[in-house]
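K.L.:
need a structure here:
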Amino acid sequence: MYGLLLQIVSFLFFFLIVVIYFSKKRINTIETKLYSLLLVINIIGILLDLASTSLALFDRSNILLKPISKLYLIYLIGISLLFVYYTIFISYSQRFSIGKKHFYGLLAIICVLAGICFFLPLYNFSEGNIVYTYGASTTFTKIVGAISYSIMLFCIIRNYKIVRFKKYLPLLAFVLLGVLGAFIQMVYPEMLVITFTITYVTFAMYFTIENPDMRLIEQLNLARDQAEKANNAKTEFLSNMSHEIRTPLNAIVGFSQALLEEDIPDTAKEEVKDIMMASDNLLEIVNGILDISKIEANKLEIINTEYQLNKIIKELVTLTKTRIGEKPIEFRTSFDPSTPEVLYGDHTRLKQIVLNILTNAAKYTKEGFIEFKVSSVIKEGICRLIISVEDSGIGIKPEKIDNLFTKFDRLEVEKTITIEGTGLGLAITKKLVDLMHGKIVVQSVYGKGSKFTVALDQKIVATKAPVEIEEAKMEIEQLTFEGKRILVVDDNKVNLKVAMRLLKSYKVDVEVIDNGFEAIEKIKNKESYDIILMDDMMPKMSGTETLQKLKEIEDFHIPVISLTANAISGMREKYLNLGFNDYLSKPIEKTELNRILTKFLK
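P.N.:
Model prediction:
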């Protein structure tokens, strides 16, 4: 009678667990499918056990009792083998492919063993309140159970270091409690504890390794880890791609800049300028791909610093005039003199946004005008910059405006097939404006021109007397630093030749070496330099590692500049945080080189 009460409690309790489990959203994997099957079969087993016990107590005839008892024994064989399959799956699925064919094989084995069990003799013992079954059929079931426990225990012992041990805890409990239950029933046959043991273990699995909520969290964590790994791999690939493309570009641009300073025929100078323009276009494409990839990988950061707006605008005017070149275009500028001079924000991204719009205007305007306006609205310490670029270019069809900020989508391709570009500039611009919590508006009349307006909020750092902005000149100041010594460290011999050629015009003493080990030896031997230009991506010892070794040398105070082709966004801040005094990207721009040399050699 106590066994019957235990079975009734087990059924009610376990039925509640089954209802809760199947009412929850679940991850659909082989492991969860197996557990779902275990739940369903276990509740069937409890019903069979309950039915056989009830019949033995209240209906002593063998008409229904014997077949139900045999079905119960078949249930024990089936669920034991399912636990074995579950254990094998979590133990070996990461190393071997375990799929449907193995499961169908398991079902075939269960059917064969069930057939043997069903046709073996079975007897019922009933005296008072004591009821149990015995005979060859029960003995066969116990042998199958013993073999199942042995296989499970072998898998647990063999693989506990590979598989997280908490996955094995319920299965280990199943083995130990199963052995204990079998021993109890050998001594006290009337004690029906096997079903309760199985019920307890499947219940414990629900609250440990097969809880749907925990499974969802585990799957989300796994997806997050995989996404992070993919993003890191993507970032590393982008860095390597940047390095590989910029390294040959550095040679092309560097030697071209050097040739422009030589006394060569005007025709040759024009051709060199064409080479530099083509290099700039290629570099623009590379930068666009790198930026859009970094934005999509959520690796692009907005880095706010103080900056002078006047300086940014001068640079933009200069660069736009270069883009316009010899086209018959009137470049108009209008700047609000009441705009604060010093602001706080990401000036690099601000410059990139406006330059993309100005470059587009220069590309798609053959003649007429381009008007660049900057105005502001000041309120409670915030300056809302309102920047507009209007042109008399080809314009945009109304139905195409919605596609304007789609990456790789170039409008009017048939009309602009000869214009360089990837269709990334405006897509990047829109994403950057969104990252900076700004707005961008487009107005256009097809065939007559377009107007882009950007509104960005920047903090006001200080309000100084407005400085009238003069048109920037294209002349690059020729500086000289006679008597100064510069050490250039780069594993690429062509890059060393480019550096020597560019630095030659500054009348400095240049020494070049191709590895960090030699740089360390020179400093240890008391060689004196005014500045060190250090490539980072070098074999055996990187520039960053070399810098750390140099800083360990007593009385080392030489400025070290990171000279690298790893020029994706955020690299400047990264190298400064690593201890470099400044950052110079490849291809080397003459204006940036001027800035560096002036800063550290004057």
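
K.L.:
local confidence estimate at the residue nearest to residue 493 when sequence neighbours are not counted?
P.N.:
Spatially, and ignoring its direct neighbours in sequence, residue 493 is nearest to residue 514 (6.9 Å; C-beta to C-beta, 6 or more residues apart in numbering). In this view, the C-beta of every residue, glycine as well, is placed from N, C-alpha and C. In the prediction, the pLDDT value recorded for residue 514 is 91.

K.L.:
right, and residue 514 touches residue 490 too?
P.N.:
Yes. The criterion here is C-beta atoms under 8 Å, and residue 514 meets it with residue 490 at 6.6 Å.

K.L.:
out of the two, which sits in the more crowded spot?
P.N.:
When neighbours are counted by other C-beta atoms under 10 Å, residue 514 and residue 490 differ, and residue 490 comes out ahead with 28 against 18.

K.L.:
got a list of what the more buried one touches?
P.N.:
The neighbourhood of residue 490, defined by C-beta atoms under 8 Å, 6 or more residues apart in numbering, consists of 496, 499, 512, 514, 533, 535, 538, 563.

K.L.:
for residue 405, same thing?
P.N.:
In this structure, residue 405 makes contact with 426-427, 429-430, judged by C-beta under 8 Å, 6+ apart.

K.L.:
circling back: could you report the distance from the residue nearest to residue 493 to residue 245?
P.N.:
Shown here: residue 514 relative to residue 245, a distance of 21 Å by C-beta to C-beta, to the nearest Å.

K.L.:
next: residue 71.
P.N.:
In this structure, residue 71 and residue 245 are separated by 71 Å, where distance is defined by C-beta to C-beta.

K.L.:
element containing the closest residue to residue 114 other than its chain neighbours?
P.N.:
Distance criterion C-beta to C-beta, 6+ apart; nearest residue to residue 114, sequence neighbours excluded, is residue 74 at 4.4 Å. Taking DSSP states H and E as the definition, one finds residue 74 inside helix 62-92.

K.L.:
of residue 71 and residue 245, who's got more company?
P.N.:
Using other C-beta under 10 Å, the more surrounded residue of residue 71 and residue 245 is residue 245, with 20 against 17.

K.L.:
who touches the more buried one in this structure?
P.N.:
Taking C-beta under 8 Å, 6+ apart, we find residue 245 in contact with 282, 286, 565.

K.L.:
just among these, which is most surrounded?
P.N.:
Neighbour tally across those (other C-beta under 10 Å): the maximum, 26 neighbours, falls on residue 565.

K.L.:
dump the residue contacts of that residue.
P.N.:
Shown here is residue 565, whose contacts under the criterion C-beta under 8 Å, 6+ apart are 242-247, 250, 537, 585-586.

K.L.:
now the two most distant members of those residues.
P.N.:
Within these, 244 and 585 form the most distant pair, 14.2 Å apart (C-beta to C-beta).

K.L.:
between the two, which is the more surrounded one?
P.N.:
residue 585 (20 against 12).

K.L.:
residues touching the more buried one, list them.
P.N.:
Residue 585 sits in contact with 246, 564-565, 567, 571-572, 592, where contact means C-beta under 8 Å, 6+ apart.

K.L.:
which one of the residues you listed sits closest to residue 227?
P.N.:
residue 571 (22.6 Å).

K.L.:
ok, the most centrally placed residue in the chain to residue 286 distance?
P.N.:
Relative to the mean C-alpha position of the chain, the nearest C-alpha, by C-alpha atoms, centre = their mean, is the one of residue 231, at 2.3 Å. Distance from residue 231 to residue 286, counting by C-beta to C-beta: 20 Å.

K.L.:
and for residue 431?
P.N.:
Residue 431 is 18 Å from residue 286, where distance means C-beta to C-beta.

K.L.:
circling back: for residue 514 and residue 490, list the residues in contact with both.
P.N.:
residue 496.

K.L.:
can I get the CA coordinates of stretch 219-235 in PDB?
P.N.:
Written as PDB, here are the backbone C-alpha positions of stretch 219-235 (Å, rounded to 0.1, in the frame of the first residue of the first chain):
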ATOM      1  CA  GLN A 219      22.500  29.300 -25.800                       C
ATOM      2  CA  LEU A 220      22.400  33.100 -25.700                       C
ATOM      3  CA  ASN A 221      25.800  33.100 -23.900                       C
ATOM      4  CA  LEU A 222      27.200  30.700 -26.500                       C
ATOM      5  CA  ALA A 223      25.900  32.900 -29.300                       C
ATOM      6  CA  ARG A 224      27.300  36.000 -27.700                       C
ATOM      7  CA  ASP A 225      30.800  34.300 -27.300                       C
ATOM      8  CA  GLN A 226      30.700  33.100 -30.900                       C
ATOM      9  CA  ALA A 227      29.700  36.600 -32.100                       C
ATOM     10  CA  GLU A 228      32.600  38.200 -30.000                       C
ATOM     11  CA  LYS A 229      35.000  35.700 -31.500                       C
ATOM     12  CA  ALA A 230      33.700  36.400 -35.000                       C
ATOM     13  CA  ASN A 231      34.000  40.200 -34.400                       C
ATOM     14  CA  ASN A 232      37.500  39.800 -33.000                       C
ATOM     15  CA  ALA A 233      38.500  37.700 -36.000                       C
ATOM     16  CA  LYS A 234      37.000  40.300 -38.300                       C
ATOM     17  CA  THR A 235      38.800  43.100 -36.600                       C
END
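
K.L.:
show me how far that stretch is from its chain's centre.
P.N.:
The offset between the C-alpha centroid of stretch 219-235 and the centroid of the whole chain comes to 5 Å, using C-alpha atoms, centre = their mean, to the nearest Å.

K.L.:
residue ranges for the strands of the protein, please.
P.N.:
Applying DSSP state E to the chain gives strands spanning 123-127, 130-134, 305-308, 329-335, 342-345, 368-379, 382-391, 439-445, 449-462, 485-489, 509-513, 531-534, 560-564, 582-585.

K.L.:
so which of those comes closest to residue 36?
P.N.:
Closest approach to residue 36 among the strands of the chain (C-beta to C-beta): strand 130-134, 29.3 Å.

K.L.:
how far away is the residue nearest to the centre of the chain from residue 582?
P.N.:
For residue 231 relative to residue 582 (C-beta to C-beta), the value is 28 Å.

K.L.:
ok, residue 134 next?
P.N.:
According to C-beta to C-beta, residue 134 stands 89 Å off from residue 582.

K.L.:
same deal with residue 394?
P.N.:
Taken as C-beta to C-beta, the spacing of residue 394 relative to residue 582 amounts to 42 Å.

K.L.:
what's the answer for residue 147, then?
P.N.:
The spacing between residue 147 and residue 582, counted by C-beta to C-beta, is 73 Å.

K.L.:
so those two - more neighbours on which side?
P.N.:
Comparing residue 147 with residue 582 by neighbour count (other C-beta under 10 Å), the higher total belongs to residue 582, at 19 against 13.

K.L.:
what pairs with the closest residue to the more buried one other than its chain neighbours across the strands?
P.N.:
By the measure of C-beta to C-beta, 6+ apart, the closest residue to residue 582 outside its immediate chain neighbours is residue 561, 4.8 Å from it. Under the criterion DSSP bridges, residue 561 forms beta bridges with residue 533, residue 582.

K.L.:
touching, residue 561 and residue 535? I think so.
P.N.:
No. With contacts counted by C-beta under 8 Å, residue 561 stays clear of residue 535, the gap being 10.3 Å.

K.L.:
remind me which residues of the stretch 351-500 of the chain are low pLDDT?
P.N.:
Applying pLDDT under 70 to the stretch 351-500 of the chain flags residues 407-424, 462-478.

K.L.:
circling back to that earlier point, for the helix holding residue 74, packing partners?
P.N.:
Packed against helix 62-92 by the contact rule (3 or more C-beta pairs under 8 Å, 6 or more residues apart in numbering; DSSP states H and E) you find helix 30-58, helix 100-119, strand 123-127, helix 136-159, helix 165-187.

K.L.:
just the angle for it relative to helix 136-159, thanks.
P.N.:
Comparing the axes of helix 62-92 and helix 136-159 via axes from the mean of the first three to the mean of the last three C-alpha atoms, to 10 degrees yields an angle of 10 degrees.

K.L.:
great, nothing more from me.
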